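**Q** Here you go, sequence then predicted model.
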Amino acid sequence: MSLSSSTTDIFAAFQDHINKDQDVREEIRAAVRELEQKARALQTVLHAIHQTEGVVQLSAICETAEGKFEGIRQQMKELKEKVPADQYYRYNDHWRFMMQRLCFLAALVVYLKSERLIDQVEAAERLGVAVKREDGFHLDLDDFLMGLLQLASELSRLTVNAVTAGDYARPMRIAKFVGDLDAGFRLLNLKNDSLRKRFDVLKYDLKKIEEVVYDVTIRGLRPKVPEKEEGQ
Amino acid sequence: MHRVSAGRRNRRTDQRPTRRKENEADVDEDSPVIKLFRGYQHQLDRKHDKYERIVKLSRDITIESKRIIFLLHRMSGETTDMILKDAEDKLKELREEKWRQVAEELQTEDHHQYLRAYTAGLQEYIEAISFWQFLKEKTLISVAEVEEGLQFIRSSEIKEESTTTTTDDPTVAPPVESMVSTENDADKSNAPESQPVKTDLMHVLVPPTHYLLGIADLTGELMRMAIHSIGQGDFDLPFEHCKFLRIIYDAFVSFGNVDRELSRKVHVLRQSLQKVETACYTLQVRGSEIPKHMLAEAFSKSTADDLLSEEAPSGSNVGY
């Protein structure tokens, strides 16, 4: 009977669809795994900034870190080829976290080198992806912002360790920087999503940094150059 | 120690207002960070607004689809043709009023990004249109047919201005002005001639998985109708629906674990199928011993109780 045969056709097509989908996902997963490994390697390099000697060797550490980005861009190209055009958001769960992490690492390197905030275009360039969706495999804004929030957490840790390493000026600069970042984030009308939840952590990072600044200031460890903001 | 922490707390509360004041008043509009974030703000707002508009449309579509399904359930004997026609008109209207707006929102976007915003409406719509098509032609609508129905021509000139309004999106506003849909219903026969300009086509993506979710809901409706029809004295329909449900069930089971939601619906599908199978069994066994009208009466009583008690917990799954 025609009903059953046409229905069977419909479902056979679906089986085909599932199989193809799973193949694509398998390939994407493999490519993402590679990228995650590279990201971890880069992160290990950057973790050295928290060592006691770290703050002194910042430029050397950044140099090494810079060298890692080329490999990441290469691998990113691999991933890009695996993702069918216009289906970024169908599969992006596979690389979302990795992308956030890479954004964070890129932002950290830029900050350590020049103490300024990376922007979306710059981050995308560093990672070898497009900025806009129309241009193909791109850096999703949410992921980029997530990366910036991770940066704030890392800097709050660095604040503590910089003081331990005897760098008393750094906390003031970080406080200013993260304060600006916080002001920026407060401009955003966030929905009740994961970005919003992650943003809620920012105030604790900032608080932590302010506490360090306070501790340093009250003990008179603060360098001479007066800094207006945290003065109390 | 205590004093320090108390001091911290005070500082924190003092700090808040100062910082806030700072970023609203002086400094910041010139600060590069703030400038960047103004840009991000716009990007995010644009995305969220679009998402919300689609969710709203999806909700409207869900409501209207449910109404169409109820309408189809009221079908019986002499009203059949009238109701089928009525439902067809309503489905067409739904496409032109709501789905076209969704398509407008989605053009130039990655549909997957907004899929979550419109999947509820899509599933309900698929349930309604597949129900309608099954009742009318006894066939299962395919993904391609559903997708075809959700294609709209974006005409740059002429054409009527029937549904130009209601798009409250400033960003998409200019090109939106005049649009005309290819209203090829589920009637694929006139599809080819109604989409001449390939370039100006906008559509709504119908992912196969989400189509299946809609079809899973359809089975609940077929079960309802089968049970109800016995009470009406129609003893053929249950057998017909039973056969169809089996085909769908077999196929769904063969897919394995594709999607969590789908697995859940397959479970409900199994229950529906069993209800219909039991009904068919009863018809077969008792059909030989009681006169028809009495059987119908006996049946409607027992199954009505049955349905009420069994369906209560899983009611939300079955479709509405």
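**A** Perfect, thanks for sending it. Only a predicted model underlies this, so the values are computations on that prediction, with no experimental measurement involved.
**Q** How many residues are close by A:Leu221?
**A** 13 (other C-beta atoms under 10 Å in any protein chain shown). Where you see a C-beta, it was placed from the backbone N, CA and C, and this is true even at glycine.
**Q** er, B:Ile83 I mean
**A** B:Ile83 has 17 nearby residues by other C-beta under 10 Å.
**Q** cool, and the one 5 residues further on?
**A** A count of nearby residues for B:Glu88, using other C-beta under 10 Å, gives 18.
**Q** Helices along chain A, start to end?
**A** Counting by DSSP state H, chain A has helices at residues A:2-47, A:58-82, A:88-91, A:96-114, A:120-127, A:141-164, A:170-185, A:194-218.
**Q** Show the contacting residues for the closest residue to A:Ala31 other than its chain neighbours.
**A** The shortest distance from A:Ala31 to any non-neighbouring residue, by C-beta to C-beta, 6 or more residues apart in numbering or on different chains, is to A:Leu79 (4.1 Å). Listed by C-beta atoms under 8 Å, 6 or more residues apart in numbering or on different chains, the contact set of A:Leu79 reads A:28, A:31-32, A:35, A:95, A:137.
**Q** and if you look at B:Leu115?
**A** If you count contacts by C-beta under 8 Å, 6+ apart, B:Leu115 has them with A:89, B:205, B:207, B:210.
**Q** Once you drop chain neighbours, what's closest to the third one?
**A** So that's B:Pro207. B:Leu115 (6.8 Å).
**Q** Helix or strand next in line after the strand or helix carrying that neighbour, which one?
**A** When elements are assigned from DSSP states H and E, B:Leu115 belongs to helix B:111-137. Moving toward the C-terminus from helix B:111-137, the next helix or strand (DSSP H and E) is helix B:143-149.
**Q** and that next one, what other elements does it pack with?
**A** Using 3 or more C-beta pairs under 8 Å, 6 or more residues apart in numbering or on different chains; DSSP states H and E, the elements in contact with helix B:143-149 are helix A:2-47, helix B:111-137, helix B:208-231.
**Q** Tell me which residues of the one helix or strand B:Val102 maps to come out buried.
**A** Following DSSP H and E, one finds B:Val102 within helix B:100-106. Buried residues in helix B:100-106, counted by 16 or more other C-beta atoms under 10 Å in any protein chain shown: B:100-106.
**Q** Repeat that for stretch A:151-167.
**A** Judged by neighbour count (16+ other C-beta under 10 Å), stretch A:151-167 contains these buried residues: A:151-156, A:158-163, A:165, A:167.
**Q** before we move on, what about stretch B:54-61?
**A** B:54-55, B:57-61.
**Q** For the chain, which residues score under the pLDDT cut-off?
**A** Just going to use chain A. A:1-4, A:225-232 (pLDDT under 70).
**Q** ah, I was thinking of chain B
**A** B:1-28, B:155-199, B:288-320.
**Q** Which helix in it has the most residues?
**A** Max-length helix for chain B by DSSP H is helix B:32-73.
**Q** Past that helix, which element shows up next along the chain?
**A** helix B:80-94.
**Q** Check which helices and strands that following helix sits against.
**A** helix B:32-73, helix B:111-137.
**Q** I'd like those helices laid out as a markdown table, including distance to A:Ser59.
**A** Listed next are these as a markdown table, based on distance: least, C-beta to C-beta, whole Å:
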| stretch | distance to A:Ser59 |
| --- | --- |
| helix B:32-73 | 23 |
| helix B:111-137 | 40 |
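**Q** Most tightly packed of those helices?
**A** helix B:111-137 (a mean of 22; mean count of other C-beta atoms under 10 Å in any protein chain shown).
**Q** Run the angle between that one and helix B:80-94 for me.
**A** Helix B:111-137 and helix B:80-94 meet at an angle of 160 degrees, taking axes from the mean of the first three to the mean of the last three C-alpha atoms, to 10 degrees as the criterion.
**Q** relative orientation of helix B:111-137 and helix A:2-47 in degrees?
**A** Using the same axes, to 10 degrees: helix B:111-137 against helix A:2-47 is 170 degrees.
**Q** ok and helix B:111-137 relative to helix B:32-73, angle-wise?
**A** 10 degrees.
**Q** Enumerate the residues of the stretch 51-200 of chain B near chain A.
**A** When proximity is defined as C-beta under 8 Å from any C-beta of the partner chain, the stretch 51-200 of chain B approaches chain A at B:108-110, B:112-113, B:115, B:138-140, B:142-143.
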